[in-house]
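Peer 1: here is the input, now give the coordinates:
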Amino acid sequence: MQMNKIFFGDFDSLLREAPSHEDKLWAISRDNPYCPLSKFIGNDKAVRKLQAVAYDALGKDNHLCREISFSIFGPASSGKTTLVRLFSKTVGLPFIEFGPQIKNCEEIFKGLERVLAIEGVPLVEFRKKDYFEVPPCVVFIDEIHAVQDGVIQGLLKATEYNDAILITEKGKTINCKNVCWMIATTDEGMLFDAFRSRFSSLWLSYLGNKDIAKIVHLSLPEIPLDACELIAFFNSRVPRKALEFARYARIVKQMQSDDSWESVIKKVAIDEGIDELGMQAIHRRVLEALANSPVANSRMPVVVGRKKEEVSRYVMPWLLAATEESQPYVKVTNKGYELTEYGINQCLARKIVGSQVRKHIVNNTNNDCIVQRLVV
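Peer 2: Reported below is the predicted structural model:
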């Protein structure tokens, strides 16, 4: 497989000789603007691990990188799928993605067959009937914890390094010894035990505001960096939401060209239901509930009026996570969700005072007058 000339410059010479150590280092460097991984901001430890695998793969004619398969853990919208896509581009291999809705192993075969044909490296069928070999590629399965048990059993055999055979329900045998497997889930505890010995772990976390601002500025360079930093303040942790906000703010700025970027961004934040301290209305609603009492995990969707999946995937992870700028607002205890000390202080900053906040302040100050003044 030919290496992309944008990494190395002189493409013709590459056809005659293997890339040098320096070439490979530059190909995987995030300082190289042509390296796909340069577009992934933050989570440096995870990226470094993938860079090492990419370095090894680029030293092979076929870019094979099956020596290490990865399980990726991180909250929703932390960039798991994006990272795997960029890795596959870096090593120059086809990327094939499956979601948790896979019904059987035959669907995996069809997915491989379809994407690899489009990529120009189709499955190879041998003389032995219904026996296929997969060319070097990266296969990503998201939300692996939600995949049906029957499919999981087939994947256990396919992802075993010394086996690497997937057998479908229709009797097809697929040799997967050229596959680099990647699986992802939002919680390490949800990963099937049998997968733990097969996959090397990568942990992704929410980004700090500085990294969010970099992402916005790279995607929308016409927005000044200081404005991108303010956008990140109002849309912390999740790049996708920050970019949506930034595109909206850019349109409003065009409409109201005499207004400053700061004025426009603050107006947009109000329209989007974000408070002056950078919190979405749904997260404030959780704090208001917890300010009065702990809330059982199963009851939180009812309390905030959102679907269970939305609360578990998008609402609570934001409040449970720490970033460079903030500590977790909420913790999980045997009573359910409870405010942390940092969360209580954030409630007070927003004049959210309930029985749990009062109790904490009184226990820590022995001065109920402080609570009275805060309420006022």
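Peer 1: where do the helices sit along the stretch 151-300 of the chain?
Peer 2: Residue ranges of the helices in the stretch 151-300 of the chain, as given by DSSP state H, counting those that start in this stretch, are 193-196, 209-219, 225-234, 239-255, 261-271, 281-290, 300-304.
Peer 1: could I get the ones you listed as CSV with mean pLDDT?
Peer 2: Output for the helices of the stretch 151-300 of the chain, formatted as CSV (pLDDT from 0 to 100):
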stretch, mean pLDDT
helix 193-196, 81
helix 209-219, 95
helix 225-234, 97
helix 239-255, 96
helix 261-271, 97
helix 281-290, 95
helix 300-304, 94
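Peer 1: how about those helices in CSV, adding mean neighbour count and distance to Tyr314?
Peer 2: In this view, the C-beta of every residue, glycine as well, is placed from N, C-alpha and C. Output for the helices of the stretch 151-300 of the chain, formatted as CSV (neighbours: other CB atoms under 10 Å; distance: least, CB to CB, whole Å):
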stretch, mean neighbour count, distance to Tyr314
helix 193-196, 12, 25
helix 209-219, 20, 16
helix 225-234, 21, 17
helix 239-255, 17, 10
helix 261-271, 17, 19
helix 281-290, 19, 9
helix 300-304, 17, 11
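Peer 1: tell me which residues are up against stretch 235-247.
Peer 2: For stretch 235-247, contacts defined as CB atoms under 8 Å, 6 or more residues apart in numbering pick out 41, 77-79, 206-209, 212, 215-216, 219-220, 223, 228, 231-232, 234, 268-269, 272, 274, 278, 318, 321, 323, 325-326.
Peer 1: 7 Å - rerun?
Peer 2: In this structure, residues lying in contact with stretch 235-247 by CB atoms under 7 Å, 6 or more residues apart in numbering are 77, 206-207, 209, 212, 215-216, 219-220, 223, 231-232, 234, 268, 272, 278, 318, 321, 323.
Peer 1: okay, and the beta partners of Val138?
Peer 2: Legend: beta-bridge partners of Val138 under DSSP bridges are Phe95, Cys180.
Peer 1: relative to Leu319, how far out is Lys39?
Peer 2: 28 Å (CB to CB, to the nearest Å).
Peer 1: after the lowest-mean-pLDDT helix or strand in the chain, which helix or strand is next? Please name it.
Peer 2: Ranked by mean pLDDT, DSSP states H and E, the weakest helix or strand in the chain is helix 11-14, scoring a mean of 39. Later in the chain than helix 11-14, the nearest helix or strand by DSSP states H and E is helix 21-28.
Peer 1: mind listing what's buried along that following helix?
Peer 2: Asp23, Lys24, Trp26, Ala27, Ile28 (16 or more other CB atoms under 10 Å).
Peer 1: for the second one, give me its contacts.
Peer 2: So the one you mean is Lys24. Lys24 sits next to Tyr55, Leu58, Gly59 when contact means CB under 7 Å, 6+ apart.
Peer 1: now the residue nearest to the last one when sequence neighbours are not counted: how far from Leu202?
Peer 2: By the measure of CB to CB, 6 or more residues apart in numbering, the closest residue to Gly59 outside its immediate chain neighbours is Lys24, 6.2 Å from it. Spatial separation of Lys24 from Leu202 under the definition CB to CB is 21 Å.
Peer 1: now swap in Ile274 and tell me
Peer 2: Taken as CB to CB, the span from Ile274 to Leu202 is 31 Å.
Peer 1: what does Pro33 give?
Peer 2: If you go by CB to CB, the gap between Pro33 and Leu202 works out to 24 Å.
Peer 1: do Arg127 as well
Peer 2: In terms of CB to CB, Arg127 sits 39 Å off from Leu202.
Peer 1: neighbour count for the two, which is higher?
Peer 2: More neighbours surround Leu202 than the other of Arg127 and Leu202, with 21 against 5 (other CB atoms under 10 Å).
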